[in-house]
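Novice: got a predicted structure plus its sequence, pasted below:
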Amino acid sequence: MSTETFSNKTGTVDWALNKSSVKPYIVVTLLFSLVVNLLMLVSPLYMLQVYDRVLSSGSVETLIMVSIAAIGLLSVYGFAEAARRKTLALMSEQIQNEYGPVVFMSSFRDENSPQLLPKKLADLSTVQNFLRHGLLLPFFDLPFTPLFLLAMFLVHPIIGWIGVIGGLVLILITVFTELSSRKSVEEAMQAETVANNFANEISRNRSVISSLGMVTPLLSNWMSYRKQSSKMTMDGLGRSTFFSAQAKGLRQMLQVAALGVGGFLVLQLEMSAGAIIAGSILMGRALAPIDQALGAWRQLIRARSAWFSLEDTMARSGASDGDFTPMLRPDADLSIESLMIASPGSDAALLPKFNVNLKAGASIAILGPSGSGKTSLLQTIVGAWEPLDGRVRLGGRDMHNWDAGDRGKYIGYAPQDVELLPGTIAQNISRFSDGTPEDIMGAAQKAGFHDMILRLPEGYDTRVGPGGSHLSQGQQKGVGLARAIYRDPVLLVLDEPGTNLDRASLLGLQRGLAEMKSNGNILIFATHDMRLLSLADNVLLLDNRSLKMVSTQDYMATMAHPRQIATSAKEGAA
Ligand SMILES: Nc1ncnc2c1ncn2[C@@H]1O[C@H](COP(=O)(O)OP(=O)(O)OP(=O)(O)O)[C@@H](O)[C@H]1O
């Protein structure tokens, strides 16, 4: 099975600083932070000037001069603060542009995790919001704390030591906050994801849920998921809020201590009156980043965990998302070599190893009871699921080692339950690429649905609704088949193509498929509908973890003797 698991390995990747693409933004934010923090010294310096120079000299001119200088510098401070916030917002855009596409693409690789894409996109939003709201800024201010402590030592060494000791206590509180709340915040995030996935699944099945009266039991199921997530959130929140409040109180106390000690030192004639205020302001500035960081700690843990998850995806995609040389249209030569298949995430083979070779115009029908592995085999053949062992090659190219976008140009696949995507019929048939009307309508004609589509009021421009719900089951099936046939795929793989089709549509489809076969396309389809068997040269019989290939003619001849067929299938396994 796939070796890619996309698990969130928190702690294995260095945080933002190691990414070259975000580095310039971090450097610019740091530079603006330097300016901001240097200009934060303006207020205490102004205090010193007013108290010690202006009041002692009584000079109004000096007061005007220092005030103008202070106002000028503080307006630069305003610009620098705005600029660093803007830089972080731009960094958030850069992350979206760079990580968004990779996250989107790589989420389609893991069949084990159908909910991977919403989860990864939520991670992306978490990181972006953290940056956009400036919650990272206190961490950019922290490196400048020593600058303020140094200034406090210059005011008076005792004031400086109060700042150092206070800072150390606050850092200890920060460490406690991290240790005590990280686990519960991360667990709360996971529980929230489970609750949201459950709600998404419910909303996809609204009509069956309301018609079967399942709303109330499902509501209580969903509430229990939510309660679990809120309990963990409240636990984490309780601890981080407690520490954050303690830190705020301590900061106030330290400022009072700076004032009190300052007052004492003034009485001892060891420093000036202005230095009392300056010392207190410096104390506030030095410790504010720690205080603010603690206030945003919960969001930090969430953003950090989301970032690790994105980084993990980027690291995993790096190995496989390199440049590739697109294939020319492969020869119609499908070779299934020692193939063993299994369901995603399972190591148990569903069928014994087997080999099949199909050339241009060949076709096989796969028959077997429910659960015998027909869909699993088709999913593996088209490259959506990894084989347990062996290879599938089209025109010599390994299907599972081929860029999915490039491979998809030469393959048509219609799953058992067609899920259409939000858009028009034409967009769905053309696989949301720029398709010519000839390609789109040609595909619908071969699927036997062109006339039916024309009868719709908006024809090919009809919007299909969520999941195709504005179309009937038969119409959805028709669009799904046309989408598979679009641009004449070398290999056409259909899972139960006859389901939900009326007689006329089935006849149209049979005609279209027969034409494709005579044009050299390879056709593989799974079916319970015996009317389609005339399209197949051979029948691959699956039953109870065994398989057997027989010619369609032989199969038809033995149809009247089911026991003989069952025996032949078992012989195939042996
Ligand atoms: N996505 C999946 N994840 C895990 N197991 C799966 C998955 N899809 C199918 N299976 C398992 O694989 C086995 C074969 O299922 P498969 O859908 O291939 O059978 P099938 O022959 O197509 O059945 P049917 O005729 O009912 O469509 C079943 O036991 C099923 O439980």
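Specialist: Sure thing, it's come through.
Novice: residues of this structure that sit close to the ligand?
Specialist: 343-344, 350, 368, 370-376, 416 (CB under 6 Å from any ligand atom). Backbone N, C-alpha and C define where each C-beta goes, glycine included.
Novice: buried subset of those?
Specialist: 343-344, 350, 368, 372-376 (16 or more other CB atoms under 10 Å).
Novice: which two in these are spaced the farthest apart?
Specialist: For those, with distances taken as CB to CB, the pair at the greatest spread is Pro344 and Gly368 (19.5 Å).
Novice: buried set for stretch 262-273?
Specialist: Across stretch 262-273, burial judged by 16+ other CB under 10 Å covers 262, 265-266, 271-273.
Novice: now Ile202: which helix or strand?
Specialist: helix 157-204 (DSSP states H and E).
Novice: I figured Ser551 hits Asp537, correct?
Specialist: Yes - counting by CB atoms under 8 Å, Ser551 touches Asp537, with 7.0 Å between them.
Novice: the more surrounded of those two?
Specialist: Asp537 (15 against 12; other CB atoms under 10 Å).
Novice: show me what the closest residue to that one other than its chain neighbours is bridged to.
Specialist: Distances taken as CB to CB, 6 or more residues apart in numbering put Ser363 closest to Asp537, at 5.5 Å, once the chain neighbours are dropped. Bridge pairing for Ser363 (DSSP bridges) gives the partners Leu523.
Novice: burial measure for Ser363, as a count.
Specialist: Residues within reach of Ser363, counting by other CB under 10 Å, total 20.
Novice: use 233 as the first number for this chain going forward.
Specialist: Fine by me, first position is 233 from now on; the one you just mentioned is Ser595.
Novice: wait, what's in contact with Ser413?
Specialist: 468-469, 471-472, 529-530, 533 (CB atoms under 8 Å, 6 or more residues apart in numbering).
Novice: reformat those as TSV; add pLDDT and neighbour count.
Specialist: TSV is the format used below for the contacts of Ser413 (pLDDT from 0 to 100; neighbours: other CB atoms under 10 Å):
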residue	pLDDT	neighbour count
Gly468	73	25
Leu469	73	18
Arg471	77	20
Ser472	75	26
Trp529	79	24
Arg530	78	22
Ile533	85	23
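Novice: quick one: which of those is nearest the ligand?
Specialist: Ile533 (32.6 Å; CB to the nearest ligand atom).
Novice: outline the domain layout of this structure.
Specialist: The chain resolves into domains spanning 248-547, 565-805 when parsed by automatic domain parsing.
Novice: hey, least reliable of those by pLDDT?
Specialist: Mean pLDDT across those is lowest at domain 248-547; the value there is a mean of 85.
Novice: any idea how far Ala510 is from the closest residue to Ala507 other than its chain neighbours?
Specialist: Spatial nearest neighbour of Ala507, chain neighbours left out: Val387 (4.9 Å); criterion: CB to CB, 6+ apart. Distance, Val387 to Ala510, by CB to CB, to the nearest Å: 6 Å.
Novice: give me the neighbour count for Asp775.
Specialist: Burial measure for Asp775: 20 neighbouring residues, criterion other CB under 10 Å.
Novice: is it bridged to anything, and to what?
Specialist: Ser778.
Novice: that one and Ser604 touch, don't they?
Specialist: Yes - between Asp775 and Ser604 there is a contact at 5.7 Å, judged by CB under 8 Å.
Novice: Leu266 reaches Phe376, doesn't it?
Specialist: Yes - the pair Leu266 / Phe376 is scored as a contact, 7.2 Å apart, by CB under 8 Å.
Novice: what helices or strands is the strand ranked longest in the chain leaning on?
Specialist: For the chain, the longest strand by residue count, based on DSSP state E, is strand 565-572. With contacts defined as 3 or more CB pairs under 8 Å, 6 or more residues apart in numbering; DSSP states H and E, strand 565-572 has these neighbours: strand 586-591, helix 606-613, strand 621-626.
Novice: thinking again about what came up before, between Val387 and Ala510, which is the more surrounded one?
Specialist: Set side by side, Val387 and Ala510 show more neighbours around Ala510, with 29 against 26, by other CB under 10 Å.
Novice: how near is that one to Ala383?
Specialist: Using CB to CB, Ala510 is found at 8 Å from Ala383.
Novice: identify the contacts common to the two.
Specialist: Pro276.
Novice: off-centre distance for the helix holding Ile434?
Specialist: Computed by CA atoms, centre = their mean, to the nearest Å, the chain-centroid distance of helix 389-436 equals 23 Å.
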